[in-house]
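> Need coordinates for the following:
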Amino acid sequence: MLKWLFAHAHCIGEIPGPGHNGGPPSQDVTGVRKLAATPDLPLPVKYEELQREIMMSLKADHFEGGRFDFNKQLNQNFFLSHSVLLGSIEVPAQGNQIIKIPNATYEFGANVVDAKYMLVGRVLTDGRMSGRIKYDVSDALSAKLQTSKEPGFSQVMFDLDFRGSDTQAQIKLGNGQFYGLNYLQSVTGTLSLGGEAFWLGGQKKSGVGLAARYADNRSVATAQVATTGLVSLTYTSKVSEKAMLASDFMWNWNARQAQASVGYDYILRQSRLRGRVDNSGTVSVFLEERLNTGFTLCYSAEIDHANKNHKFGFGMIVGE
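Next comes the predicted model:
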């Protein structure tokens, strides 16, 4: 009955009939007028993950010396990890000299992953510890607690994440009377805008920042500016199915210092090669070679020409 009324409404003057606007309206086979559908905006990334592509391409986990990682899955939800690093500790000396003292550390980790929650813990022989708890209250709300402890320093941070159809928001509470809030909103299919604000009561400091992120099928560009004096720009471009180029720039207005770097991320069938060079003359390369299922070799190299500091590392990863 409702369809019949809409189909014949022009006869009684409620909906203009053909010829009233210079042509027939768009109709389907039932004679019902079609309304133009507004496309839904995509869900943006979290504000804290605004630069995740640049972090994956340019911020490889470089190390020096020998490294051995062993990952063991006990069941579908429980994982254990062991990591041994035979490296060194850098001690500044006179001038640009750096003295390296041999050092070895062992790290034990445990992960519990479920559909609604995640537990992650790490402890190292040098006294450092960290933990993370994440629980999804609903599809739109999740809570996260992160803790870390180092000799003479500890940190606790609680996050409450809100997720809408085209928005991401987060409330942060931490020790030292830290309070933070950030928000990111999709305004078009490729552009999202947002901002953040924080208050550090222990130091009587506050800050406000603005951010923009553009992402399409081949490139991602981000821009951030804050009242603390920091300006950050990043850009990544997917030049092929296997290769990606990346660059970043950071300017500290208060310290009058700038940092910039360019790099690449090349993924093959069984290996991944990442390289980077920055404005200070530091060149780094990180290679992961998957030889077999559950066995990966890692090569790390970093050369700091200005400080004459060279780092080379070789590692093995056993397990998934």
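> can we go C-alpha only for contacts and neighbour counts from here?
Fine.
> so where's the protein uncertain?
Flagging of the chain using pLDDT under 70 yields the residue ranges 1-39, 95-96.
> need the helices for it, in chain order.
2-7, 52-58 (DSSP state H).
> Alpha carbons of the longest one, as PDB, please.
If I follow you right, that is helix 52-58. The C-alpha coordinates for helix 52-58 follow below in PDB (Å, rounded to 0.1, in the frame of the first residue of the first chain):
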ATOM      1  CA  ARG A  52      51.900   3.900  11.900                       C
ATOM      2  CA  GLU A  53      53.100   3.500   8.200                       C
ATOM      3  CA  ILE A  54      56.200   5.600   8.800                       C
ATOM      4  CA  MET A  55      57.000   3.800  12.000                       C
ATOM      5  CA  MET A  56      56.900   0.400  10.300                       C
ATOM      6  CA  SER A  57      59.100   1.600   7.400                       C
ATOM      7  CA  LEU A  58      61.600   3.800   9.000                       C
END
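> What are the neighbouring residues in contact with the nearest residue to Thr188 once chain neighbours are set aside?
Once flanking residues are discounted, Thr188 sits nearest to Leu41: 6.3 Å by CA to CA, 6 or more residues apart in numbering. Leu41 is in contact with 165-166, 186-189, counting by CA atoms under 8 Å, 6 or more residues apart in numbering.
> what's across from Tyr179 in the sheet?
Leu173, Trp199 (DSSP bridges).
> so it touches Trp199, yeah?
Yes - look at Tyr179 against Trp199 with CA atoms under 8 Å: they come within range, at 5.2 Å.
> residues contacting Leu74?
Leu80.
> any idea how far it lies from Met244?
36 Å (CA to CA, to the nearest Å).
> and what of Ser142?
32 Å.
> for Arg218, same thing?
9 Å.
> again, but for Ala221
In terms of CA to CA, Ala221 sits 13 Å off from Met244.
> ok, which stretches of the stretch 201-320 of the chain are strands?
Assigned by DSSP state E, counting those that start in this stretch, the stretch 201-320 of the chain shows strands spanning 205-215, 219-226, 230-238, 243-252, 257-267, 271-278, 282-292, 295-304, 309-318.
> Relative to Gly109, which of these is closest?
When those are compared by CA to CA, strand 309-318 sits nearest Gly109, at 14.4 Å.
> I would like the residues contacting that closest one, please.
62-71, 98, 294-304.
> Drop anything exposed from these.
Neighbour counting by 16 or more other CA atoms under 10 Å classes 62-71, 296-304 among the contacts of strand 309-318 as buried.
> What about Ala115, how many residues nearby?
For Ala115, the neighbour count with other CA atoms under 10 Å is 8.
> just the one 4 residues further on next, same as before
Under the neighbour criterion other CA under 10 Å, Leu119 is assigned a count of 17.
> Show me what counts as buried in stretch 253-267.
260-267.
> ok, Pro102 touching Ile89?
Yes - assessed by CA under 8 Å, Pro102 is found in contact with Ile89 at 6.4 Å.
> Tell me what Val208 is bridged to.
Ala197.
> Correct me if wrong: it contacts Ala226.
Yes - using CA under 8 Å, Val208 is in contact with Ala226, at 5.6 Å.
> and the closest residue to Glu289 other than its chain neighbours, how far is that from Gln170?
Distances taken as CA to CA, 6+ apart put Ser271 closest to Glu289, at 4.4 Å, once the chain neighbours are dropped. Using CA to CA, we find Ser271 at a distance of 36 Å from Gln170.
> which of the two has more neighbours?
Neighbour totals were compared for Ser271 and Gln170, and Gln170 leads with 21 against 15 (other CA under 10 Å).
> Disregarding residues adjacent in the polypeptide, which is nearest to that one?
The nearest residue in space to Gln170 (CA to CA, 6+ apart) is Asp161, at 4.5 Å.
> And for Asn252?
Leu230 (4.7 Å).
> count of neighbours near the one you found?
Leu230: 17 neighbours (other CA under 10 Å).
> try the one 10 residues further on
With neighbours defined by other CA under 10 Å, the count for Ser240 comes to 10.
> same thing with the one 5 residues further on?
Other residues within reach of Leu245, judged by other CA under 10 Å, total 22.
> Tell me who's in contact with it.
Here Leu245 is in contact with 236-239, 262-265 (CA under 8 Å, 6+ apart).
> go again using 7 Å as the cut-off
236-238, 263-265 (CA atoms under 7 Å, 6 or more residues apart in numbering).
> And the furthest pair within those?
Lys238 and Gly263 (12.3 Å).
> Would you check that Arg218 makes contact with Lys238?
Yes - here Arg218 lies in contact with Lys238, judged by CA atoms under 7 Å, at a distance of 4.9 Å.
> Settle it for me: which of these two has more neighbours?
More neighbours surround Lys238 than the other of Arg218 and Lys238, with 16 against 12 (other CA under 10 Å).
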